[in-house]
Structures are given as C-alpha cells and as structure tokens.
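Visitor: attaching a predicted model along with its sequence, questions to come.
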Amino acid sequence: FLPENQMSAVRALNPKAEVARAAQALAVNISAAKGLQDVMRSNLGPKGTLKMLVSGAGDIKLTKDGNVLLHEMQIQHPTASLIARVATAQDDVTGDGTTSNVLLIGDLLKQADLYISEGLHPRIVTQGFELAKVKSLEVLEKLKIGREMDHATLINVARTSLATKVHGKLADHLAEVVVGAVLAIRREDKPLDLHMVEIQEMKHKTDVDTCLVKGIVMDHGPRHPNMPKALKDAHILTCNVSLEYEKTEVNSSILYKTAAEREKLVAAERKFVDDRVQKIIDLKKEVCADGKSTFVVLNQKGIDPISLDMLAKEGIMALRRAKRRNMERLSLACGGMAMNSLDGLTKESLGFAGHVYQHSLGEEKYTFVEECRDPESVTILLKGPNKHTIVQIKDAINDGLRAIKNALEDGCVLPGAGAFEVVAHAALTEYKKTVKGQARLGVQAFADALLIIPKVLAQNAGHDPQDSMVKLQEEYTESQQPVGIDLSTGEALIPADAGILDNFCVKRQLLHSCTVIASNLLLVDEMVRAGLSSLKTPNPMNPMGQ
C-alpha cells in the first residue's frame with residue numbers, strides 16, 4: 001500500500017476507487033503487453049504454430065491468424081484489451097499485420113522499461129520514439145520497390161501473406177486463386193471492390209481442391225423435378241418480381257352469389273400471376289428461336305408451383321429466392337440488368353452464360369453459372385473435408401485478397417523476411433548519434449524493439465535468434481543490401497530475389513499505430529478504477545433509499 005500522503009486525491013472523492021500509481025501503473029501496463037506478446041509470438045511467420053480455440057458449444061477453430069485470435073479470445077485485462085483493439089483496427093485498415101502489431105508494442109514497452117527502471121522519465125523515451133518513428137518512415141520510403149504490378153509480383157505478395165496463415169502447398173495454390181480473382185474483377189477506370197468476389201463454401205474433397213469460378217456459384221438449385229439440370233448458351237434473366245399468388249394488400253371482403261362467380265374470381269387472381277410468367281415465356285420464344293440457345297430465370301422473390309410448372313414445360317430453368325447480394329453480382333458476371341418489373345422486358349435486359357448447371361452434394365444443391373463473356377464478378381469455391389479447415393481457408397483468402405488490393409493501390413512493395421527491420425535498426429543506430437540529449441535513449445529503445453520481428457521469425461523456425469540476428473546484421477553491413485532471414489537455413493537471403501514481398505501500407509500503419517499506443521501506455525502514471533458503485537448498494541446516509 002502507498003503512504004497516506006501519496007494516496008490519490010480520487011480516494012477523497014470515492015473511497016471505493018482502486019488506484020495504481022506511477023511505477024506500479026507502468027508495471028501493470030508492461031506486464032499486460034508482455035503477456036499478450038507471449039501468447040501471440042509463436043504464431044508469427046510461415047513457421048508459426050497454430051492455436052486451437054474451443055467455444056462454449058465445443059466448436060473447434062484452428063488458426064494462427066492474429067486477427068481471428070484477438071477477436072475470439074476473451075481478454076479481461078483493460079491494457080491487453082486496448083492493444084488487441086489496436087491490432088484488430090490494423091487488420092480492418094490494411095488486412096494484415098495484427099501479430100506484428102502486438103509483438104512490436106510489447107517490445108517497445110519492454111525496451112523502454114529498461115531505461116525507465118534506471119530513472120529515465122517516460123516523456124523523454126516517448127520523444128525518442130517519435131523521432132525514431134519519423135526516421136523509420138524515411139527508411140521505409142527509401143526501401144520500397146516501385147515496380148509494375150504484374151502477375152508474378154502479385155503471386156509473390158499473395159504467397160507471402162498466405163504462407164503465414166496456411167501450410168506452404170496450400171498457400172501456393174491459394175495465391176493463384178486469389179490473384180486470378182482480383183485480376184478478373186479489376187477495371188482500370190474503377191476502384192477495386194473486393195465484395196465482387198463471392199466466397200462460397202462446399203464441404204467436399206480436400207483443401208487444395210479450392211478453385212476459382214469465373215462466374216457465380218449459388219447454394220440452391222431449381223425447385224421443379226422436370227426442369228433441365230444443365231444448359232449450354234443460356235440467356236439469363238435476373239429479376240426481383242413476385243411470381244406467386246399473393247393476397248391483396250388491402251383488407252377487402254368480396255361477396256359472390258354462385259360457385260361460378262367464385263371460380264371467375266379465382267381465375268382472375270391467378271391470371272395476374274400467369275400473365276407475368278407468360279411474358280417471360282414469350283421472351284424466351286423470341287430469343288431462343290434458333291433452337292440452340294436456352295433460358296434461365298434467377299428470381300429474388302418467390303415462384304409458386306403452378307408458375308414453376310409453366311416454366312418447366314417450356315424448358316426454362318428457374319431459381320427462386322436468390323440471395324440479394326448475388327443479384328448485383330449476377331448482372332456484373334453475366335451482363336444484362338436486374339429487372340424489378342416485367343413491363344419493359346427486352347433482349348437487352350438479358351445476360352449470357354456459356355454453361356449453367358446444377359451440382360448435387362448429398363442433400364445440398366449448388367447452381368454454377370460459368371463461361372461468362374467478361375465477368376466483373378467471380379466466385380472462389382472453398383473446399384475442405386470439415387468445417388474448421390474451411391473457416392481457416394476463408395480467413396486466409398480474405399487476407400490474401402486484401403494483400404493484392406494493397407499492392408495494386410500502393411504501386412510498390414517491400415522486401416519481407418525481416419529485411420525492413422534490420423535496415424531500420426542500422427539506420428536508427430546511426431541516426432542516434434545526431435540526436436541531442438537523453439532522447440537518443442528512446443531512439444535506441446525503438447531500434448532494439450524493431451528487431452523483435454526477425455528474432456521471432458528465426459525462433460519460430462527453430463533457429464537461435466541471437467545467432468541469426470548477428471548473421472543478418474553482418475551481411476547487411478558488408479553488402480548494404482536489404483537482407484532477410486532464410487527460415488529453412490537460418491542464414492541471410494535477399495528477399496526480393498526469393499519472392500518474399502510485404503505490403504508497404506501495412507508496415508507504414510504498423511509504425512504509426514505501435515508508436516502512438518506504446519507512447520500513450522508509457523505516459524500512464526495512474527490507473528483508477530473509479531466507476532459508479534452499484535445502485536443496489538445501500539447508502540449509509542440514507543438506508544431507506546429516500
């Protein structure tokens with residue numbers, strides 16, 4: 001307990017407040033950051049290990065994606081929770097770098113603690129951090145590799161990102177899939193919209209059977225047994241029109257005297273729907289007059305059994321209750337327009353697909369719309385033997401898509417494998433000599449903290465981290481070329497030649513967010529839990545609650 005004269009003034013206002021002051025508050029923050037760092041460090045890099053998350057219901061999730069771990073883990077400690085939120089915000093902005101974020105914040109606080117425990121004021125350390133951040137960003141600008149974002153470069157960027165989430169063979173396969181998907185939907189004059197890549201799951205075969213479909217895959221099939229199951233050269237009508245009998249919108253009572261009058265009423269109600277279906281059939285006869293092409297109706301609303309029967313007799317494949325998100329993708333993949341009314345129905349409003357077919361997998365049915373002429377929307381079909389494999393691949397694919405998008409938007413890449421950290425450490429060590437006063441200690445702490453990334457990469461690959469660091473720094477001093485760590489041997493390698501490429505915007509965001517949060521946590525000199533007491537607690541001054 002603290003002496004009475006040092007007791008927080010908050011105690012005078014709220015006797016129940018819990019207070020941690022100065023060195024104690026800093027120790028709480030640093031231990032939280034170290035604790036979270038120890039949990040996450042074994043997951044970094046291609047050789048990182050997996051974590052098994054088990055939910056209350058017994059569902060298993062195997063992952064080493066930092067973002068998934070931080071979202072799913074129930075973190076109680078307020079400081080650790082703050083760091084976790086910063087790391088997940090990094091993922092929201094750039095799609096990667098969550099584990100690196102946690103490691104870097106943890107090590108910045110650890111290195112700063114060495115100097116603060118010897119009496120250096122935290123404010124001076126944070127000034128050094130700020131200077132070091134500015135210098136590191138300059139190094140980042142110099143180190144970036146501006147190059148044409150061709151297919152091979154994008155494959156390397158995607159593989160580097162994916163290899164940290166899934167095993168090597170699958171990462172190579174998925175890299176081809178995600179690059180193919182992004183290049184298919186990319187248009188020079190439009191911003192890239194990753195929502196146009198539909199991710200469809202299918203519990204079937206193995207993880208390496210995941211493939212790219214240049215079209216749309218829907219998780220339901222035609223609802224009539226006599227409808228065709230596969231069609232070639234199909235005209236596609238995407239519509240949002242009700243083709244089923246509906247009750248009147250206003251509450252009305254209709255009086256009739258004879259059964260004949262009632263039949264007349266029923267026929268009139270039915271005719272309203274039949275006329276709509278007839279318009280579709282008439283259009284089909286017009287566009288399929290050559291006898292070679294076929295016709296498909298994809299409707300967002302319902303189609304009743306009588307309407308389905310009419311369409312089946314004409315050889316039309318019809319799907320009802322298509323998902324709303326698929327309607328936009330369908331018109332982008334196949335062309336044509338999504339119709340909200342059948343009044344202005346023309347040939348121009350139809351899309352086209354070379355092959356539409358139904359695939360049955362046990363009880364489940366899938367409809368494939370393939371061989372589109374110039375698809376602006378595509379589907380990645382995830383396959384895996386069980387649920388947790390599919391979930392793991394899905395998380396990895398989302399990160400891979402973001403990595404390619406970042407590379408295309410940045411127009412440049414960075415050498416990976418810890419190369420930037422080694423170069424920045426050397427640059428900051430030189431820069432420290434030009435900094436006046438005690439702030440240079442903060443610069444040194446920042447430089448040492450950066451090396452946590454290559455150290456942990458080496459450690460997770462089974463190499464001695466100190467030995468690997470010495471080799472990297474020696475190699476960089478001799479060649480002055482950015483060198484990273486070869487995880488298979490523990491020796492130095494040139495990442496750009498080995499195809500290990502990182503995203504520029506991920507590293508930039510990392511430097512900004514880690515420095516800000518580490519500085520803020522260092523400057524905390526008092527932690528107070530002084531929320532309002534529970535309303536149920538009786539007030540000693542007013543026991544009756546009046």
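Guide: Cool, got the structure.

Visitor: and for stretch 281-301, what's in contact with it?
Guide: 228, 231-244, 280, 303, 310-311, 314-322, 324, 326-327, 330, 345-347, 350, 353, 356, 369 (Cβ atoms under 8 Å, 6 or more residues apart in numbering). For glycine as for every other residue, the C-beta is placed from the backbone atoms N, C-alpha and C.

Visitor: before we move on, what about stretch 153-162?
Guide: Residues external to stretch 153-162 that are found in contact with it (Cβ under 8 Å, 6+ apart): 96, 147, 170-172, 174-176, 178-179, 182-183, 396, 399-400, 402-404, 407-408, 413, 416, 499-503.

Visitor: circling back to that earlier point, out of the contacts of stretch 281-301, list just those in strands.
Guide: 231-239, 317-319, 353, 356, 369 (DSSP state E).

Visitor: neighbours of residue 230, how many?
Guide: Residues contacting residue 230 under the criterion other Cβ atoms under 10 Å number 13.

Visitor: residues in contact with it?
Guide: Neighbours of residue 230 in contact, by Cβ under 8 Å, 6+ apart: 355, 356, 357, 358.

Visitor: ok, it to residue 296 distance?
Guide: 11 Å (Cβ to Cβ, to the nearest Å).

Visitor: ok so, going back, of the contacts of residue 230, buried ones?
Guide: Listed as buried from those are 356, 357, 358; burial here means 16 or more other Cβ atoms under 10 Å.

Visitor: ok, the residues you listed vs residue 75, which is closest?
Guide: residue 358 (45.8 Å; Cβ to Cβ).

Visitor: okay, the closest one: pLDDT?
Guide: Looking at residue 358, its pLDDT is 81.

Visitor: helix or strand: which one has it?
Guide: Assigned by DSSP states H and E, residue 358 belongs to strand 351-361.

Visitor: do a quick rundown of the helices in the stretch 1-150 of the chain.
Guide: Assigned helices in the stretch 1-150 of the chain, in chain order: 10-13, 22-40, 66-72, 78-94, 98-116, 122-143 (criterion: DSSP state H, counting those that start in this stretch).

Visitor: quick one: closest of those to residue 210.
Guide: Comparison of the helices of the stretch 1-150 of the chain against residue 210 by Cβ to Cβ identifies helix 66-72 as nearest, at 18.3 Å.

Visitor: avg pLDDT for the closest one?
Guide: 77.

Visitor: so what touches that helix?
Guide: Applying Cβ under 8 Å, 6+ apart, the external contacts of helix 66-72 come out as 39-40, 43, 51, 53, 61, 63, 84, 87-88, 91, 98-102, 395, 399.

Visitor: repeat that for 6 Å
Guide: Contacts with helix 66-72, where a contact means Cβ atoms under 6 Å, 6 or more residues apart in numbering, come from 51, 53, 84, 87, 88, 91, 98, 99, 395.

Visitor: centre of the chain to that helix, how far?
Guide: Centroid displacement of helix 66-72 relative to its chain, using Cα atoms, centre = their mean, to the nearest Å, is 11 Å.

Visitor: check stretch 205-212 too.
Guide: Worked out by Cα atoms, centre = their mean, stretch 205-212 lies 20 Å from the chain centre.

Visitor: may I have it exported as CSV, CA atoms only?
Guide: Output in CSV follows, covering the C-alpha atoms of stretch 205-212 (Å, rounded to 0.1, in the frame of the first residue of the first chain):
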residue,chain,number,x,y,z
LYS,A,205,-12.8,-33.2,-51.1
THR,A,206,-9.7,-31.5,-49.8
ASP,A,207,-8.4,-28.0,-49.1
VAL,A,208,-6.2,-27.9,-52.3
ASP,A,209,-9.4,-28.5,-54.4
THR,A,210,-10.4,-24.9,-53.7
CYS,A,211,-10.8,-23.2,-57.1
LEU,A,212,-11.8,-20.0,-58.9
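
Visitor: mind listing what's buried in that stretch?
Guide: Across stretch 205-212, burial judged by 16+ other Cβ under 10 Å covers 207, 210, 212.

Visitor: which of the contacts of residue 230 lies closest to residue 258?
Guide: Nearest to residue 258 among the contacts of residue 230, with distances taken as Cβ to Cβ, is residue 358, at 46.2 Å.

Visitor: show me what that closest one bridges to in the sheet.
Guide: Residue 358 has these beta-bridge partners by DSSP bridges: residue 367.

Visitor: OK, contacts around it?
Guide: Residues in contact with residue 358 (Cβ under 6 Å, 6+ apart) are 221, 229, 365, 367.

Visitor: my guess is the last one meets residue 216, correct?
Guide: No. In terms of Cβ atoms under 6 Å, residue 367 does not count as a neighbour of residue 216; the distance is 8.3 Å.

Visitor: same drill for the two, tell me which one is more crowded.
Guide: residue 216 (27 against 21).

Visitor: and that one, how close does it get to residue 370?
Guide: On the measure of Cβ to Cβ, residue 216 and residue 370 end up 9 Å apart.

Visitor: point out where the protein drops to low pLDDT.
Guide: For the chain, the stretches flagged by pLDDT under 70 are 1-23, 246-249, 526-546.

Visitor: heading C-terminal from the helix ranked longest in it, find the next helix or strand.
Guide: Across the chain, the longest stretch assigned as helix under DSSP state H is helix 259-287. Downstream of helix 259-287, the next assigned helix or strand under DSSP H and E is strand 294-299.

Visitor: and that following strand, how far out from the chain middle?
Guide: 33 Å.

Visitor: parallel or antiparallel, which strands does that strand pair with?
Guide: Applying DSSP bridges, one finds strand 294-299 paired with strand 230-239 (parallel), strand 317-319 (parallel).

Visitor: redo those strands as a markdown table? Include distance to residue 508.
Guide: Below are the strands paired with strand 294-299 laid out as a markdown table (distance: least, Cβ to Cβ, whole Å):
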| stretch | distance to residue 508 |
| --- | --- |
| strand 230-239 | 41 |
| strand 317-319 | 45 |
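
Visitor: can you tell me which residues contact residue 359?
Guide: Per Cβ under 6 Å, 6+ apart, neighbours of residue 359: residue 366.

Visitor: that older thread, among the strands paired with strand 294-299, which comes closest to residue 487?
Guide: Residue 487 sits nearest to strand 230-239 of all these, at 47.2 Å, using Cβ to Cβ.

Visitor: buried set for the closest one?
Guide: Per 16+ other Cβ under 10 Å, strand 230-239 contains these buried residues: 231, 234, 235, 236, 237, 238, 239.

Visitor: what's opposite the last one in the beta bridge?
Guide: Right, residue 239. Per DSSP bridges, residues listed as beta-bridge partners of residue 239: residue 299, residue 339.

Visitor: that one reaches residue 337, doesn't it?
Guide: No. With contact defined as Cβ under 6 Å, residue 239 does not count as touching residue 337 (9.3 Å).

Visitor: show me where the stretch 301-450 of the chain has helices.
Guide: Using DSSP H, counting those that start in this stretch, helices in the stretch 301-450 of the chain cover 305-313, 324-334, 387-410, 419-432, 439-450.

Visitor: does residue 240 touch residue 341 like I think?
Guide: No. If you go by Cβ under 6 Å, residue 240 and residue 341 don't touch, sitting 8.9 Å apart.

Visitor: more neighbours, those two?
Guide: The neighbour comparison of residue 240 against residue 341 (other Cβ under 10 Å) goes to residue 240, with 15 against 10.

Visitor: quick check, central residue of the chain?
Guide: residue 398 (4.4 Å; Cα atoms, centre = their mean).
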